[in-house]
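> pasted the sequence and its predicted model underneath.
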Amino acid sequence: MSVNDLNKIAEYIVSNGKGILAADESTGTIKKRFDSIDTESTEQSRRTYREMLFQADGMKDNIGGVILFEETLKQNAENGTSLVQVISNQGALPGIKVDKGLTPISEDSKETVTNGLDDLDQRCKEYYEIGAKFTKWRAVINIGNGIPTDGCIDENMLRLANYAKIVQANKMVPIVEPEVLMDGSHSIDECYDATSRVLKSLFKHLKDKNVDIKGTILKPNMVISGASCPNQAEIQEVAEKTVRCLLENVPEELPGIAFLSGGQSDINATAHLDAMNKIGGFSWKLSFSYGRALQQAALKAWMGKKENIASAQSAFSHRALMNKKAALGNWNKDIEN
(Lines give C-alpha, C1' and ligand atoms only; values in the text may rest on other atoms or scores of the structure.)
Protein backbone atom coordinates (compact mmCIF):
# COMPACT_ATOMS: atom_id res chain seq x y z
CA MET A 1 0.00 0.00 0.00
CA SER A 2 1.40 3.35 -1.03
CA VAL A 3 0.64 6.24 1.30
CA ASN A 4 2.82 9.08 0.11
CA ASP A 5 1.26 12.10 1.65
CA LEU A 6 -0.71 13.13 4.71
CA ASN A 7 -4.03 13.49 2.92
CA LYS A 8 -3.80 9.95 1.53
CA ILE A 9 -2.93 8.56 4.97
CA ALA A 10 -5.84 10.40 6.61
CA GLU A 11 -8.28 9.33 3.90
CA TYR A 12 -7.12 5.70 4.05
CA ILE A 13 -7.69 5.41 7.80
CA VAL A 14 -11.42 6.22 7.44
CA SER A 15 -12.02 4.77 3.93
CA ASN A 16 -14.92 2.43 3.13
CA GLY A 17 -16.36 2.48 6.64
CA LYS A 18 -13.05 1.72 8.34
CA GLY A 19 -12.34 3.20 11.74
CA ILE A 20 -9.65 3.33 14.40
CA LEU A 21 -8.92 0.92 17.24
CA ALA A 22 -7.79 2.99 20.22
CA ALA A 23 -5.36 0.66 22.02
CA ASP A 24 -3.31 3.42 23.62
CA GLU A 25 -4.35 2.91 27.25
CA SER A 26 -1.69 4.09 29.65
CA THR A 27 -0.12 1.55 32.01
CA GLY A 28 -2.44 2.76 34.79
CA THR A 29 -5.59 2.52 32.69
CA ILE A 30 -4.84 -0.94 31.29
CA LYS A 31 -4.14 -2.13 34.86
CA LYS A 32 -7.69 -1.12 35.85
CA ARG A 33 -9.10 -3.03 32.87
CA PHE A 34 -7.03 -6.11 33.73
CA ASP A 35 -8.01 -5.84 37.41
CA SER A 36 -11.64 -6.16 36.30
CA ILE A 37 -10.85 -9.65 34.90
CA ASP A 38 -8.45 -10.66 37.71
CA THR A 39 -5.43 -10.60 35.41
CA GLU A 40 -2.07 -9.14 36.37
CA SER A 41 -0.89 -6.29 34.14
CA THR A 42 2.68 -7.03 33.04
CA GLU A 43 4.63 -6.13 29.92
CA GLN A 44 3.99 -9.65 28.63
CA SER A 45 0.27 -9.82 29.48
CA ARG A 46 -0.31 -6.43 27.85
CA ARG A 47 1.52 -7.63 24.76
CA THR A 48 -0.47 -10.87 24.65
CA TYR A 49 -3.78 -9.02 24.95
CA ARG A 50 -3.01 -6.43 22.30
CA GLU A 51 -1.48 -8.93 19.90
CA MET A 52 -4.68 -10.97 20.28
CA LEU A 53 -6.70 -7.97 19.08
CA PHE A 54 -4.31 -7.10 16.24
CA GLN A 55 -4.31 -10.70 14.93
CA ALA A 56 -8.12 -10.96 14.90
CA ASP A 57 -9.84 -11.52 11.55
CA GLY A 58 -12.03 -8.47 12.21
CA MET A 59 -9.05 -6.15 11.83
CA LYS A 60 -9.10 -6.71 8.06
CA ASP A 61 -11.45 -4.40 6.17
CA ASN A 62 -12.89 -2.87 9.37
CA ILE A 63 -9.92 -1.14 11.04
CA GLY A 64 -7.87 1.46 9.15
CA GLY A 65 -5.62 2.57 12.00
CA VAL A 66 -4.54 1.52 15.49
CA ILE A 67 -3.48 4.03 18.15
CA LEU A 68 -0.71 2.55 20.30
CA PHE A 69 0.91 3.33 23.63
CA GLU A 70 4.68 3.83 23.28
CA GLU A 71 5.44 0.47 24.90
CA THR A 72 3.35 -1.36 22.28
CA LEU A 73 4.90 0.52 19.35
CA LYS A 74 8.26 -0.99 20.33
CA GLN A 75 7.08 -4.53 21.15
CA ASN A 76 7.36 -7.71 19.11
CA ALA A 77 4.69 -10.37 18.73
CA GLU A 78 5.20 -13.82 20.23
CA ASN A 79 6.74 -15.05 16.96
CA GLY A 80 9.26 -12.18 16.89
CA THR A 81 7.47 -10.01 14.30
CA SER A 82 7.09 -6.39 15.39
CA LEU A 83 3.55 -5.45 16.40
CA VAL A 84 3.83 -2.56 13.93
CA GLN A 85 4.27 -5.16 11.18
CA VAL A 86 1.41 -7.30 12.52
CA ILE A 87 -0.90 -4.28 12.25
CA SER A 88 0.37 -3.40 8.77
CA ASN A 89 -0.14 -6.99 7.61
CA GLN A 90 -3.82 -6.63 8.54
CA GLY A 91 -4.15 -3.60 6.26
CA ALA A 92 -4.20 -1.04 9.08
CA LEU A 93 -1.79 1.81 9.81
CA PRO A 94 0.02 2.07 13.15
CA GLY A 95 -0.18 5.32 15.11
CA ILE A 96 0.83 6.51 18.56
CA LYS A 97 -0.50 8.60 21.41
CA VAL A 98 2.04 11.37 22.02
CA ASP A 99 0.61 13.54 24.78
CA LYS A 100 1.92 13.10 28.32
CA GLY A 101 -1.29 13.49 30.27
CA LEU A 102 -3.00 16.25 32.20
CA THR A 103 -2.17 18.78 34.88
CA PRO A 104 -4.58 21.24 36.56
CA ILE A 105 -4.58 24.75 35.06
CA SER A 106 -4.16 26.12 38.57
CA GLU A 107 -3.89 24.67 42.06
CA ASP A 108 -7.60 24.66 42.94
CA SER A 109 -9.00 24.34 39.41
CA LYS A 110 -11.12 21.49 38.04
CA GLU A 111 -9.84 22.38 34.58
CA THR A 112 -6.75 20.79 33.03
CA VAL A 113 -4.20 21.30 30.27
CA THR A 114 -2.39 18.58 28.33
CA ASN A 115 1.40 18.28 28.45
CA GLY A 116 4.01 16.85 26.09
CA LEU A 117 5.07 19.58 23.68
CA ASP A 118 8.60 20.08 25.06
CA ASP A 119 10.28 17.06 23.45
CA LEU A 120 7.56 16.24 20.91
CA ASP A 121 9.62 16.97 17.80
CA GLN A 122 12.39 14.64 18.95
CA ARG A 123 9.95 11.86 19.87
CA CYS A 124 8.11 12.20 16.55
CA LYS A 125 11.34 11.58 14.66
CA GLU A 126 11.83 8.35 16.61
CA TYR A 127 8.20 7.20 16.18
CA TYR A 128 8.29 7.87 12.44
CA GLU A 129 11.43 5.74 12.08
CA ILE A 130 9.74 2.87 13.93
CA GLY A 131 6.84 3.04 11.48
CA ALA A 132 4.12 5.29 12.95
CA LYS A 133 1.98 6.95 10.27
CA PHE A 134 -0.17 9.09 12.56
CA THR A 135 -0.33 10.40 16.14
CA LYS A 136 -2.92 11.42 18.70
CA TRP A 137 -3.13 14.19 21.34
CA ARG A 138 -6.06 14.48 23.76
CA ALA A 139 -7.34 17.64 25.40
CA VAL A 140 -9.93 17.27 28.15
CA ILE A 141 -12.75 19.74 28.74
CA ASN A 142 -15.06 19.46 31.77
CA ILE A 143 -18.58 20.90 32.01
CA GLY A 144 -19.54 22.18 35.45
CA ASN A 145 -20.23 25.27 37.51
CA GLY A 146 -18.78 28.14 35.44
CA ILE A 147 -16.67 25.80 33.31
CA PRO A 148 -15.35 25.35 30.72
CA THR A 149 -13.80 28.81 30.81
CA ASP A 150 -12.67 30.53 27.62
CA GLY A 151 -9.11 30.50 28.97
CA CYS A 152 -9.09 26.73 29.40
CA ILE A 153 -10.52 26.11 25.95
CA ASP A 154 -8.12 28.55 24.30
CA GLU A 155 -4.98 27.14 25.94
CA ASN A 156 -5.90 23.52 25.20
CA MET A 157 -6.79 24.22 21.56
CA LEU A 158 -3.58 26.24 21.10
CA ARG A 159 -1.59 23.26 22.36
CA LEU A 160 -3.50 20.94 20.01
CA ALA A 161 -2.61 23.22 17.09
CA ASN A 162 1.06 23.40 18.09
CA TYR A 163 1.10 19.60 18.39
CA ALA A 164 -0.49 19.17 14.95
CA LYS A 165 2.04 21.49 13.33
CA ILE A 166 5.01 19.59 14.81
CA VAL A 167 3.56 16.21 13.80
CA GLN A 168 2.91 17.24 10.19
CA ALA A 169 6.48 18.57 9.95
CA ASN A 170 7.52 15.02 10.87
CA LYS A 171 5.47 13.47 8.02
CA MET A 172 2.70 12.01 10.18
CA VAL A 173 -1.04 12.74 10.37
CA PRO A 174 -2.17 14.38 13.63
CA ILE A 175 -5.40 13.19 15.21
CA VAL A 176 -6.72 16.09 17.27
CA GLU A 177 -8.88 14.95 20.18
CA PRO A 178 -10.74 17.69 22.07
CA GLU A 179 -12.88 15.63 24.46
CA VAL A 180 -15.78 17.28 26.24
CA LEU A 181 -16.32 14.74 29.00
CA MET A 182 -19.63 12.93 29.60
CA ASP A 183 -19.00 13.13 33.36
CA GLY A 184 -21.60 15.28 35.10
CA SER A 185 -25.31 16.05 35.15
CA HIS A 186 -25.31 18.57 32.30
CA SER A 187 -27.95 18.51 29.57
CA ILE A 188 -27.34 17.69 25.92
CA ASP A 189 -27.74 21.41 25.10
CA GLU A 190 -24.99 22.35 27.55
CA CYS A 191 -22.79 19.74 25.84
CA TYR A 192 -23.71 21.26 22.45
CA ASP A 193 -22.66 24.72 23.64
CA ALA A 194 -19.33 23.54 25.10
CA THR A 195 -18.52 21.36 22.07
CA SER A 196 -19.30 24.22 19.69
CA ARG A 197 -17.01 26.60 21.61
CA VAL A 198 -14.23 24.00 21.62
CA LEU A 199 -14.43 23.26 17.88
CA LYS A 200 -14.57 26.95 16.92
CA SER A 201 -11.41 27.60 18.95
CA LEU A 202 -9.64 24.48 17.65
CA PHE A 203 -10.09 25.25 13.96
CA LYS A 204 -9.17 28.91 14.48
CA HIS A 205 -5.86 27.85 16.07
CA LEU A 206 -5.21 25.17 13.43
CA LYS A 207 -5.70 27.80 10.71
CA ASP A 208 -3.49 30.32 12.53
CA LYS A 209 -0.69 27.71 12.72
CA ASN A 210 -1.10 26.80 9.02
CA VAL A 211 -1.89 23.19 9.83
CA ASP A 212 -2.96 21.27 6.72
CA ILE A 213 -6.58 20.39 7.49
CA LYS A 214 -6.62 17.88 4.62
CA GLY A 215 -3.90 15.94 6.46
CA THR A 216 -5.67 15.94 9.84
CA ILE A 217 -8.33 13.77 11.54
CA LEU A 218 -10.69 15.06 14.23
CA LYS A 219 -11.54 12.78 17.18
CA PRO A 220 -14.37 14.55 19.03
CA ASN A 221 -17.00 13.61 21.56
CA MET A 222 -20.58 13.23 20.44
CA VAL A 223 -23.07 15.86 21.59
CA ILE A 224 -24.69 13.86 24.36
CA SER A 225 -26.32 14.16 27.79
CA GLY A 226 -24.08 14.09 30.86
CA ALA A 227 -23.78 10.59 32.33
CA SER A 228 -25.77 11.55 35.45
CA CYS A 229 -28.29 13.83 33.71
CA PRO A 230 -31.83 12.71 34.63
CA ASN A 231 -33.04 13.36 31.06
CA GLN A 232 -30.98 11.21 28.71
CA ALA A 233 -31.29 12.25 25.06
CA GLU A 234 -32.54 9.60 22.62
CA ILE A 235 -30.36 8.18 19.83
CA GLN A 236 -31.88 10.39 17.12
CA GLU A 237 -31.51 13.61 19.12
CA VAL A 238 -27.83 12.85 19.80
CA ALA A 239 -27.28 12.16 16.11
CA GLU A 240 -29.08 15.30 14.90
CA LYS A 241 -27.41 17.67 17.37
CA THR A 242 -23.94 16.19 16.82
CA VAL A 243 -24.23 16.51 13.03
CA ARG A 244 -25.55 20.09 13.33
CA CYS A 245 -22.73 21.07 15.70
CA LEU A 246 -20.13 19.63 13.32
CA LEU A 247 -21.64 21.29 10.23
CA GLU A 248 -21.52 24.65 12.02
CA ASN A 249 -17.89 24.35 13.13
CA VAL A 250 -15.83 21.88 11.06
CA PRO A 251 -14.29 22.79 7.67
CA GLU A 252 -15.48 20.77 4.67
CA GLU A 253 -11.94 19.86 3.61
CA LEU A 254 -11.29 17.77 6.75
CA PRO A 255 -11.08 14.15 5.48
CA GLY A 256 -12.54 12.39 8.48
CA ILE A 257 -14.11 12.59 11.90
CA ALA A 258 -13.55 9.53 14.11
CA PHE A 259 -15.61 9.76 17.28
CA LEU A 260 -14.47 8.71 20.73
CA SER A 261 -16.95 6.55 22.64
CA GLY A 262 -16.31 8.31 25.95
CA GLY A 263 -18.01 5.85 28.27
CA GLN A 264 -21.04 5.04 26.10
CA SER A 265 -22.23 1.43 26.00
CA ASP A 266 -21.07 -0.66 23.04
CA ILE A 267 -24.51 -0.58 21.42
CA ASN A 268 -25.12 3.13 21.97
CA ALA A 269 -21.74 4.06 20.48
CA THR A 270 -22.64 2.05 17.38
CA ALA A 271 -26.27 3.21 17.20
CA HIS A 272 -25.35 6.91 17.46
CA LEU A 273 -22.75 6.61 14.70
CA ASP A 274 -25.19 4.77 12.44
CA ALA A 275 -27.95 7.35 13.02
CA MET A 276 -25.58 10.19 12.05
CA ASN A 277 -24.56 8.47 8.83
CA LYS A 278 -28.22 7.83 7.98
CA ILE A 279 -28.80 11.61 8.29
CA GLY A 280 -25.91 12.38 5.90
CA GLY A 281 -25.42 15.76 4.22
CA PHE A 282 -21.75 16.25 5.17
CA SER A 283 -18.50 16.10 3.22
CA TRP A 284 -16.29 14.29 5.74
CA LYS A 285 -16.29 10.59 6.57
CA LEU A 286 -17.96 10.02 9.96
CA SER A 287 -16.32 7.03 11.61
CA PHE A 288 -15.13 5.68 14.95
CA SER A 289 -12.02 5.71 17.11
CA TYR A 290 -13.19 3.51 19.95
CA GLY A 291 -11.34 1.99 22.86
CA ARG A 292 -13.71 0.41 25.37
CA ALA A 293 -16.58 0.19 22.85
CA LEU A 294 -14.42 -2.06 20.64
CA GLN A 295 -12.53 -3.91 23.36
CA GLN A 296 -14.83 -4.50 26.34
CA ALA A 297 -16.60 -7.59 24.99
CA ALA A 298 -13.26 -9.09 23.94
CA LEU A 299 -11.66 -8.35 27.32
CA LYS A 300 -14.49 -10.12 29.15
CA ALA A 301 -14.34 -13.10 26.80
CA TRP A 302 -10.56 -13.39 27.20
CA MET A 303 -10.34 -13.23 31.02
CA GLY A 304 -6.53 -13.49 30.72
CA LYS A 305 -6.66 -17.11 29.51
CA LYS A 306 -4.98 -18.53 26.42
CA GLU A 307 -7.82 -20.95 25.76
CA ASN A 308 -10.23 -17.99 25.40
CA ILE A 309 -8.27 -16.17 22.69
CA ALA A 310 -10.43 -17.39 19.79
CA SER A 311 -13.70 -16.37 21.45
CA ALA A 312 -12.21 -13.00 22.47
CA GLN A 313 -11.07 -12.36 18.89
CA SER A 314 -14.55 -13.26 17.68
CA ALA A 315 -16.10 -10.74 20.11
CA PHE A 316 -13.71 -8.02 18.94
CA SER A 317 -14.27 -8.84 15.27
CA HIS A 318 -18.03 -8.59 15.74
CA ARG A 319 -17.82 -5.11 17.26
CA ALA A 320 -15.39 -3.97 14.56
CA LEU A 321 -17.80 -5.13 11.84
CA MET A 322 -20.83 -3.58 13.57
CA ASN A 323 -19.07 -0.22 13.76
CA LYS A 324 -17.97 -0.42 10.12
CA LYS A 325 -21.62 -0.95 9.18
CA ALA A 326 -22.55 2.06 11.36
CA ALA A 327 -19.89 4.18 9.62
CA LEU A 328 -21.64 3.32 6.34
CA GLY A 329 -25.14 3.89 7.77
CA ASN A 330 -25.95 0.19 7.29
CA TRP A 331 -26.34 -0.96 10.91
CA ASN A 332 -29.47 -2.00 12.75
CA LYS A 333 -30.08 -3.81 16.05
CA ASP A 334 -31.27 -6.98 14.32
CA ILE A 335 -27.78 -7.78 12.99
CA GLU A 336 -26.23 -7.70 16.47
CA ASN A 337 -27.12 -11.31 17.28
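Arrived safely.
> and the helices in the stretch 51-200 of the chain?
In the stretch 51-200 of the chain, the segments counted as helices under DSSP state H, counting those that start in this stretch are 70-73, 83-89, 120-130, 150-169, 188-208.
> for the ones you listed, which one sits closest to Asn268?
Of all the helices of the stretch 51-200 of the chain, the one in closest proximity to Asn268, counting by C-beta to C-beta, is helix 188-208 (13.5 Å). C-beta: built from backbone N, CA, C; applies to glycine.
> per-residue confidence for the residue nearest in space to the middle of the chain?
Centroid check for the chain by C-alpha atoms, centre = their mean gives Ser289 as the closest residue, at 3.6 Å. You'll see Ser289 listed with a pLDDT of 98.
> ok, it - contacts?
Ser289 is in contact with 19-20, 22, 67, 175, 219, 258-260, counting by C-beta atoms under 8 Å, 6 or more residues apart in numbering.
> mark which of the residues you listed are buried, thanks.
Buried residues within the contacts of Ser289, defined by neighbour count using 16 or more other C-beta atoms under 10 Å: 19-20, 22, 67, 175, 219, 258-260.
> just to check, Gly131 is in contact with Val86?
No. With contact defined as C-beta atoms under 8 Å, Gly131 and Val86 do not form a contacting pair (11.1 Å).
> the two: who's more crowded?
Comparing Gly131 with Val86 by other C-beta atoms under 10 Å, the one with more neighbours is Val86, at 21 against 17.
> tabulate the buried ones among the contacts of Ser289 in CSV, adding columns for distance to Asn337, secondary structure and pLDDT.
Formatted as CSV, these follow (distance: C-beta to C-beta, whole Å; DSSP: H, G, I helix; E, B strand; the rest coil; pLDDT from 0 to 100):
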residue, distance to Asn337, secondary structure, pLDDT
Gly19, 22, strand, 98
Ile20, 26, strand, 98
Ala22, 26, strand, 98
Ile67, 30, strand, 98
Ile175, 33, strand, 98
Lys219, 30, coil, 98
Ala258, 26, strand, 98
Phe259, 24, strand, 98
Leu260, 26, coil, 98
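> among these, which pair sits farthest apart?
Ile67 and Phe259 (13.5 Å).
> quick one: low-confidence ranges for the chain?
The chain contains residues with pLDDT under 70 at 1-4.
> can you show me the strands along it?
19-23, 63-68, 93-97, 102-104, 112-114, 134-141, 173-180, 217-218, 256-259, 285-290 (DSSP state E).
> re the thing from before, now flag whichever of the buried ones among the contacts of Ser289 is closest to Trp302.
If you rank the buried ones among the contacts of Ser289 by distance to Trp302 using C-beta to C-beta, Ala22 comes first, at 17.5 Å.
> next up, the contacts around Tyr14.
Quick fix: residue 14 reads Val, not Tyr. 20, 64, 217, 255-256, 258, 285, 287, 327.
> ok, and the most crowded of those residues?
Neighbour-wise, the contacts of Val14 (other C-beta under 10 Å) top out at Ile20, 31 neighbours.
> and that residue, what does it touch?
13-14, 63-67, 95, 175, 219, 258, 287-290 are the contacts of Ile20 under C-beta under 8 Å, 6+ apart.
> swap in Leu181?
Contacts of Leu181 (C-beta under 8 Å, 6+ apart): 140-143, 221, 262.
> what do you get for Glu11?
Taking C-beta under 8 Å, 6+ apart, we find Glu11 in contact with 255-256, 285.
> Ile147: neighbour count?
16.
> can you get me a residue count around the closest residue to Asp121 other than its chain neighbours?
Of all residues not flanking Asp121 in the chain, Ile166 sits nearest, at 5.3 Å (C-beta to C-beta, 6 or more residues apart in numbering). The number of residues packed near Ile166 is 22, by other C-beta under 10 Å.
> with Ser187 instead?
Ser187, neighbours per other C-beta under 10 Å, totals 17.
> distance of the nearest residue to it once chain neighbours are set aside from Val223?
Distance criterion C-beta to C-beta, 6+ apart; nearest residue to Ser187, sequence neighbours excluded, is Cys229 at 5.9 Å. Cys229 sits 13 Å away from Val223, going by C-beta to C-beta, to the nearest Å.
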